[in-house]
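Engineer: take this sequence and fold it.
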Amino acid sequence: MSEPAKECTQPLDAEVRLLAAITYGEASTKDDADEMFALASVLVRQKDARGYTSVASFAAKEKTFAYAAIDGNVRFQKLMKASEQEIAQQAGLRTAVAAAVNAINGGEDKSHGAYFWDGADIKTNYTRHFKVRRGIKFTDLAHNIYTIKESKKLIILSKTTKTRNRNTGQISSTTEEIGRFDHQYDSTAAYGGTIFWKLNPEFLMVTRGREYK
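Structural biologist: Next up, the predicted model:
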C-alpha cells in the first residue's frame, strides 16, 4: 500500500473532511491534483478573509463558495460518506484530502493568490456570466482553457466638486478623473476544468474595493 493510502486510514478531522468534500465536489471529474490543491487554497483564503474561524461556519454562511455542499452534489456526498479505507483506495478522494490538509496547514498555493474560480459555465453561459460582464483578462494564454474571449471595456470614474462664489453666490463645478480600469478579473491559473481569478489591482485601487469580494 502506498504512503498516501496509509495516511488516509487514520480518522479524518471533521474540518479536513468537509473542506476535502467541498473541494472534490467543486473540482472537475478529471480529478486533477493541481486543480484540487488550488481550489482548497482558495476556499481557505476566502474563509480567512471573511473572518470565519472554521470551514463549517464558512460553508454554512457563504453558499457561493460552498455550493457543492448544498446542491446535492454527488461528489461532495461521496467523500462525506466515505470511510477512511475507501478514501485510501480511491486516488481522487485521497488527493482531495491531501489538498485540504495542504490548504489548512498553509502549504503551497497552486492558485497563485486567487480568490475566485469558474468552471465550464463561463463558456456555456458566456454572455450572461457575472465575471464576463464585468471584464476578464487572461494574464497567461495557458489559462484560457475554454478558448473564450477576454471582455474588456474602459471604465473611467470621476468626481464632481461644486463651489459657491462668496461674492456672487453662483455655483460652479469641476470634474476630475479618479481613475480608470478596463476589466475586473485577472486570471491566476487554470487546471483540469477550473480557471482561477483575482481582482485587477487597478480596479481595486480605483474603487477601494476588497480583494475577496
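Engineer: can you give me the buried ones in stretch 197-213?
Structural biologist: Neighbour-count burial for stretch 197-213, counted by 16 or more other C-beta atoms under 10 Å, picks out 197, 198, 199, 200, 203, 204, 206, 207, 212. For every residue, glycine as well, the C-beta is placed using N, CA and C.
Engineer: so the fourth one versus residue 131, what's the distance?
Structural biologist: Residue 200 sits 11 Å away from residue 131, taking C-beta to C-beta, to the nearest Å as the criterion.
Engineer: pLDDT value on residue 1, please?
Structural biologist: With respect to pLDDT, residue 1 scores 38.
Engineer: now swap in residue 161 and tell me
Structural biologist: 78.
Engineer: could you report the distance from it to residue 171?
Structural biologist: 11 Å.
Engineer: any idea what the most centrally placed residue in the chain is bridged to?
Structural biologist: By C-alpha atoms, centre = their mean, the chain has its centre lying nearest to residue 116, at 1.9 Å. With DSSP bridges as the criterion, residue 116 is bridged to residue 197.
Engineer: so what's it up against?
Structural biologist: Residue 116 makes contact with 42, 131, 185, 196, 197, 198, according to C-beta atoms under 8 Å, 6 or more residues apart in numbering.
Engineer: again, only using 10 Å
Structural biologist: 42, 46, 64-65, 130-131, 185, 188, 195-199, 212-213 (C-beta atoms under 10 Å, 6 or more residues apart in numbering).
Engineer: from those, which ones fall inside strands?
Structural biologist: Within those, residues falling in strands by DSSP state E are 185, 188, 195, 196, 197, 198, 199.
Engineer: isn't the last one up against residue 187?
Structural biologist: What it means is residue 199. No. The pair residue 199 / residue 187 is not scored as a contact, 11.6 Å apart, by C-beta atoms under 10 Å.
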